[in-house]
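1. this one's structure only:
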């Protein structure tokens, strides 16, 4: 049996007063402790039009949004300025017909030689440049485990002037092998045209190589970053995990290291680069000034911070 809420004189007065104030059905219903449908029925009874308008519940500043859109700001940048989620900006833009003629292209970064040397060092390690299907320029990303938070922040500071951000992530699904929800810190720099020449030299058929033509930018700091990413110590010297590179490519890198730093190296069967024991001290001297404090443990015990 259907029941109705009785419209008492007191409730009627409150209803009419709030309606005149421009309150929405949901707001009136909450005060009178009735359903929204009940308020809608009362309006119809008194032939009162609905006062609902989209901009009454939207958090978007319409005028500010349009100004930022006309400046060709990305949804992400607009969302950050308006303190909203990018998906809300996207939905609002689509709903009201704000279309983009082409993909947002960020202003090209002016990379210095030092910038390239830093990027190159970590790109030969844990970092990568990727181009997604709906972009024309590469994006920089580098992920480190939860225990390497200090190192991730160290890298972010090095690249902060290029727009680098460091974000904490925790997997939503558990790893079935370890029964752990893995956590990490991801450093990212949004897509940029300045990364395209590096990308084209660094990847052949989407496989990473050591780009010989870019080694003119490879410095002691590059070597330090490469070691912090993928290096480890032996009882007599150090190695860097370079298994992803082809042996012939590594031989070219060996020649470069010898000519540039006078570092003698060898290549293990599993394509790991080994710093010859005779140059252990030289290697330490080259990289130590550029090491993050949290990475000093990778050096031999007799080397103190």
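-> Received it, and whenever you're ready, just let me know what you need. Just so it is clear, the structure is predicted and the values come from calculations on it, not from any experiment.
2. Is residue 14 in contact with residue 31, as I believe?
-> Yes. Judged on C-beta atoms under 8 Å, residue 14 makes contact with residue 31 at a distance of 6.9 Å. Glycine gets a C-beta too; all of them are placed from N, C-alpha and C.
3. how much distance is there from the host helix or strand of residue 13 to the middle of the chain?
-> Using DSSP states H and E, residue 13 sits in helix 9-20. In terms of C-alpha atoms, centre = their mean, to the nearest Å, the gap separating the centre of helix 9-20 from the centre of its chain is 52 Å.
4. what's the closest non-adjacent residue to the residue most central in space within the chain?
-> Among the residues of the chain, the one closest to the centroid is residue 188, at 3.8 Å (C-alpha atoms, centre = their mean). Leaving out its chain neighbours, the residue that sits closest to residue 188 by C-beta to C-beta, 6 or more residues apart in numbering is residue 141, at 4.9 Å.
5. Check for me that the one you found belongs to a strand.
-> Yes. Counting by DSSP: H, G, I helix; E, B strand; the rest coil, residue 141 is located in a strand.
6. Contacts only, for it.
-> 127-128, 130, 186-189 (C-beta atoms under 8 Å, 6 or more residues apart in numbering).
7. Same check on residue 125?
-> Per C-beta under 8 Å, 6+ apart, neighbours of residue 125: 225-226, 228-230.
8. Show me the shaky parts of the chain.
-> The chain contains residues with pLDDT under 70 at 1-5, 51-59, 87, 100-106, 172, 174-176, 301-305.
9. again, only using 50
-> Residues of the chain meeting the criterion pLDDT under 50: 1-3, 54-57, 102-104, 302-305.
10. mind listing the helices for it?
-> For the chain, applying DSSP state H gives helices covering 9-20, 25-32, 36-45, 54-57, 62-70, 75-82, 86-95, 113-123, 149-159, 196-202, 220-230, 247-261, 280-287.
11. Need the winner for burial among those helices.
-> helix 220-230 (a mean of 23; mean count of other C-beta atoms under 10 Å).
12. Report all helices and strands that that helix contacts.
-> helix 113-123, strand 238-240, helix 280-287 (3 or more C-beta pairs under 8 Å, 6 or more residues apart in numbering; DSSP states H and E).
13. Let's have these in CSV, adding distance to residue 10.
-> CSV is the format used below for those (distance: least, C-beta to C-beta, whole Å):
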stretch, distance to residue 10
helix 113-123, 70
strand 238-240, 80
helix 280-287, 80
